[in-house]
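# build the 3D model from these lines:
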Amino acid sequence: MIKVSHLSKIYTNADVKTVALDDVSFEITQGEFVSIMGPSGSGKSTLMHILGALDVPTSGDYLLDGQRIADLDDDQLADIRNKKIGFVFQAYNLLPRTTALKNIMVPMMYGGVDKKERIKRAEKYLKMVGLENRIYHTPNQLSGGQQQRVAIARALTMNPNVILADEPTGNIASSQAAEIMRILDELNQQGHTIVIITHEQEVAAYTKRVVHLRDGRIIDNHINGKRRRY
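Prediction:
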């Protein structure tokens with residue numbers, strides 16, 4: 001599903017070079033549940049942007065479902081982001097004056113899905129995350145955990161190859177964080193490939209494999225033997 005080979009990312013500002021990623025290589029297969037961990041400055045956010053086709057590496061290769069991302073133009077990258085990657089962000093990224101139902105429909109509008117099907121899918125995924133009674137609520141009428149559940153439902157609507165979650169529990173209470181991780185775990189059990197970017201051990205404990213970054217390099221990549229159970 002995901003193959004990263006000798007990936008490097010170097011930022012240059014006023015002739016000062018900053019190495020964000022340094023010769024990073026790993027693979028994620030279909031159906032895996034993986035967390036990418038590291039402290040601030042470890043390179044995990046840069047890696048997330050590359051995996052999400054939001055940025056390109058300075059060198060190395062990134063293949064998503066066998067497709068070399070560096071070979072794609074802007075329109076093709078936009079199509080990849082819309083159809084093959086489901087994003088879940090720490091800040092939710094919901095439209096503030098728009099209902100949960102319409103927020104979930106946004107990727108489908110860009111993806112050319114007709115209105116009847118958009119509504120059908122949006123209602124289906126809202127029910128899946130337990131928000132069938134909050135369809136017409138706007139974000140300011142929802143708790144942080146509920147907003148994140150809307151974001152998860154939105155990420156599923158185009159049936160993406162991979163769900164990429166960037167610090168998905170970073171802005172919510174611990175009790176709500178457990179609910180978010182339970183939902184992601186259930187989605188993984190249904191066959192979804194999920195990659196979580198996190199600095200929290202409690203979050204990584206839910207995943208099946210942990211990739212540790214430090215100073216832009218992978219220092220550990222192991223099966224999670226202490227995975228949390230419900």
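# in the chain, which spans are strands?
Along the chain, counting by DSSP state E, strands occupy 2-13, 16-28, 33-37, 59-64, 67-68, 85-89, 162-166, 193-198, 209-214, 217-223.
# got those strands as CSV, with distance to Asn140 and mean neighbour count columns?
In short, each C-beta sits where N, CA and C put it, glycine included. CSV is the format used below for these (distance: least, CB to CB, whole Å; neighbours: other CB atoms under 10 Å):
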stretch, distance to Asn140, mean neighbour count
strand 2-13, 36, 16
strand 16-28, 35, 16
strand 33-37, 30, 25
strand 59-64, 35, 17
strand 67-68, 39, 12
strand 85-89, 17, 22
strand 162-166, 22, 24
strand 193-198, 26, 25
strand 209-214, 35, 20
strand 217-223, 40, 13
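# against Pro96, how distant is the closest residue to Ser143 other than its chain neighbours?
Leaving aside its chain neighbours, Ser143 sits nearest to Gln176 (6.7 Å; criterion: CB to CB, 6 or more residues apart in numbering). For Gln176, the distance to Pro96 equals 20 Å [CB to CB, to the nearest Å].
# who has more neighbours, the two?
Set Gln176 next to Pro96 and count neighbours by other CB atoms under 10 Å: Gln176 wins out with 18 against 9.
# give me the pLDDT for the residue nearest to Ala153 when sequence neighbours are not counted.
Nearest non-adjacent residue to Ala153, counting by CB to CB, 6+ apart: Tyr125, 3.8 Å away. Looking at Tyr125, its pLDDT reads 94.
# Tyr125 contacts Ala151, correct?
No. The pair Tyr125 / Ala151 is not scored as a contact, 10.8 Å apart, by CB atoms under 8 Å.
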